[in-house]
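Q: let me see the structure of the following:
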Amino acid sequence: MRMAQKEPRTQKDRKKRKKRILFVINTMGSAGAEHALLALLHSLDCEKYDISLYVLLGQGQLMGHIPEGIRLLNHDYTELPVLSQEGRRALRRTVLRDALTDGTLWKRLPYLMHNLKEMLHHHRILPEKLLWRLVADGSARTQGRYDLAVAFLEGGATYYVADYVNAAKKAAFVHIDYGRAGYTRDLDLDCYLSYDRVFTVSDEVKDAFLKVYPECTGYTAVFHNILDVHEIHQLARVPGGFTDSFDGMRILTVGRLTEQKAYDIAVEALFILKQRGRNVRWYVLGEGDRRKALEHLIAARGMKKEFVLIGQVENPYPYYARTDLYVHATRFEGKSIAIEEAQTLGCAILASDCSGNREQICDGVDGKLCALSAEGIADGIEWMLDHPAERQRFKKAAAAKQNFDLDEIQQLLELLEG
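A: Numbering: from 1, shown residues only. Here you go, the predicted structure:
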């Protein structure tokens with residue numbers, strides 16, 4: 001079994017031992033949970049706590065943003081973007097390596113066959129959910145004992161901390177609607193029962209999780225995302241953003257190109273708007289496995305210039321600051337970092353009426369909710385176009401809705417010190 005990096009300890013260190021905290025996450029790609037983890041790490045005192053980070057798949061472009069003083073335990077790490085073509089190839093190699101480590105694949109064959117059968121029964125095959133168990137089993141092991149170990153994402157990180165980390169206390173974070181995302185107790189092997197605390201990012205995420213794990217009711221709490229509001233405003237003021245000369249309404253969406261994000265419906269909504277003669281252009285920041293399918297759909301609708309897949313960008317905030325409307329039309333959510341960022345920068349927001357979104361947007365007060373259909377989204381955008389005064393009111397209300405404080409961290413520290 002491969003071992004993670006050994007942490008140096010001097011005799012003086014041992015006498016003045018700081019409490020040890022380990023964070024584990026699947027990757028450090030540029031997605032909502034990773035940004036939330038960065039904000040949390042920046043909020044912790046490295047002078048007071050000995051903090052380590054282990055990235056299960058050893059990959060992601062955000063590693064350069066890790067605060068000084070955080071110890072990375074990975075022996076091998078690549079900053080290849082997780083969603084780039086080369087990055088996806090690297091991820092596949094890592095998963096294959098972990099699956100073959102110490103015969104992990106063969107040991108877990110009954111697990112894989114059982115859960116694959118269940119997925120087939122429900123007509124929903126999710127290979128990445130099956131593979132997280134193999135990645136957790138085959139990954140390098142951390143050494144020593146921690147005072148607190150935190151699994152910051154569902155799947156691999158949660159399985160790894162539950163099974164392979166030696167810690168006095170363990171906490172797991174849940175960022176998504178657990179059942180809708182495709183997780184089950186059979187996939188988990190009931191691992192959440194071994195945690196001391198489960199933190200969900202919203203009340204709706206908590207309710208969805210407890211439907212699957214009612215036994216965890218007594219130790220499940222809401223831990224809202226932490227944003228570095230000052231940094232977001234600073235980054236929004238630097239040069240960047242849209243480079244074309246379009247003079248109509250700019251629509252922005254930020255998020256991975258996945259089935260969850262419902263870009264297929266967004267394309268159809270824009271097609272309806274163009275048929276109605278509306279002068280709008282839709283821009284998307286993000287990458288994912290749905291890019292080729294979306295490119296085909298966009299081309300089929302003759303909208304290569306109107307529905308623009310910009311891809312992943314280093315700094316998305318100038319786009320937020322310069323857009324006319326932010327649209328977040330998703331099939332389900334946990335608690336969207338993208339919506340929180342849009343609120344921070346005072347965007348007018350239209351979001352689909354689904355779990356997660358409805359907890360972040362107060363319909364008619366700081367944004368507008370719509371049905372998740374091509375007509376529903378098109379009608380919502382058209383309403384925003386036709387009501388500029390209301391749009392300005394939503395912007396002001398969103399900018400004022402910045403309750404992203406650091407009180408949440410106290411829940412983690414109480415668990416550590418308790």
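Q: and Ala149, what element?
A: For Ala149, the element it lies in under DSSP states H and E is strand 146-151.
Q: average model confidence for that strand?
A: Throughout strand 146-151, pLDDT has a mean value of 97.
Q: what pairs with it, parallel or antiparallel?
A: strand 19-25 (parallel), strand 167-174 (parallel) (DSSP bridges).
Q: mind giving me the packing neighbours of the next helix or strand after that strand?
A: Using DSSP H and E, the helix or strand that follows strand 146-151 in sequence is helix 156-164. With contacts taken as 3 or more Cβ pairs under 8 Å, 6 or more residues apart in numbering; DSSP states H and E, helix 156-164 sits against strand 19-25, helix 127-138, strand 146-151, strand 167-174. The way it works is simple: take the backbone N, C-alpha and C, and place the C-beta from them, glycine included.
Q: hey, which of the ones you listed is tucked in deepest?
A: strand 146-151 (a mean of 25; mean count of other Cβ atoms under 10 Å).
Q: which residues in the stretch 201-350 of the chain form helices?
A: 203-212, 229-236, 263-275, 291-300, 317-322, 337-344 (DSSP state H, counting those that start in this stretch).
Q: ok now stretch 172-179, how far from the chain's centre?
A: Relative to the centre of its chain, stretch 172-179 is centred 10 Å away, using Cα atoms, centre = their mean, to the nearest Å.
Q: what does it rub up against?
A: Contacts with stretch 172-179, where a contact means Cβ atoms under 8 Å, 6 or more residues apart in numbering, come from 32-33, 36, 150-154, 158, 161-162, 192, 195, 197-201, 204-206, 208-209, 211-212, 223, 332-335, 355-356.
Q: show me where the stretch 301-418 of the chain has strands.
A: 307-311, 325-328, 349-352, 368-370 (DSSP state E, counting those that start in this stretch).
Q: can the ones you listed go into a markdown table with extra columns for mean neighbour count?
A: Below are those laid out as a markdown table (neighbours: other Cβ atoms under 10 Å):
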| stretch | mean neighbour count |
| --- | --- |
| strand 307-311 | 19 |
| strand 325-328 | 26 |
| strand 349-352 | 26 |
| strand 368-370 | 22 |
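Q: quick check: which ranges of this protein have low pLDDT?
A: Within the chain, the segments meeting pLDDT under 70 span 1-16, 402-406.
Q: out of the strands paired with strand 146-151, flag the one nearest Gln312.
A: strand 19-25 (18.0 Å; Cβ to Cβ).
Q: can you give the distance of the closest one from its chain's centre?
A: 19 Å.
Q: could you do stretch 191-206 as well?
A: On Cα atoms, centre = their mean, the centre of stretch 191-206 falls 16 Å from the chain's centre.
Q: contacts for that stretch?
A: 36, 151, 158-159, 162-163, 169-178, 209, 213, 215-216, 219-225, 334-335, 355-356, 358-360, 411-412, 415.
Q: could you list the buried residues of it?
A: 191-192, 195, 197-202, 204-206 (16 or more other Cβ atoms under 10 Å).
Q: then stretch 341-361?
A: 341-357, 359-361.
Q: show me what the lengthiest helix in the chain is packed against.
A: Criterion DSSP state H: the longest helix present in the chain is helix 85-100. With contacts taken as 3+ Cβ pairs under 8 Å, 6+ apart, helix 85-100 sits against helix 127-138.
Q: keeping just the C-alphas, turn the helix it packs on into PDB.
A: Output of helix 127-138 as PDB, limited to C-alpha atoms (Å, rounded to 0.1, in the frame of the first residue of the first chain):
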ATOM      1  CA  PRO A 127     -19.800   5.200 -13.400                       C
ATOM      2  CA  GLU A 128     -18.100   7.900 -11.300                       C
ATOM      3  CA  LYS A 129     -20.200   6.900  -8.200                       C
ATOM      4  CA  LEU A 130     -19.100   3.300  -8.600                       C
ATOM      5  CA  LEU A 131     -15.500   4.200  -8.900                       C
ATOM      6  CA  TRP A 132     -15.200   6.400  -5.800                       C
ATOM      7  CA  ARG A 133     -15.000   3.300  -3.600                       C
ATOM      8  CA  LEU A 134     -12.100   1.900  -5.700                       C
ATOM      9  CA  VAL A 135     -10.300   5.300  -5.500                       C
ATOM     10  CA  ALA A 136     -10.700   5.500  -1.700                       C
ATOM     11  CA  ASP A 137      -9.500   1.900  -1.300                       C
ATOM     12  CA  GLY A 138      -6.400   2.300  -3.600                       C
END
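Q: before we move on, back to that, what angle separates the strand holding Ala149 from helix 156-164?
A: 140 degrees (axes from the mean of the first three to the mean of the last three Cα atoms, to 10 degrees).
Q: work out the gap between strand 146-151 and the centre of the chain.
A: 20 Å.
Q: any idea how far Thr101 is from the closest residue to Asp98 other than its chain neighbours?
A: Among residues not flanking Asp98 along the chain, Gly138 sits closest, at 3.0 Å (Cβ to Cβ, 6 or more residues apart in numbering). Per Cβ to Cβ, to the nearest Å, Gly138 is found 4 Å from Thr101.
Q: kind regards, and thank you for your time.
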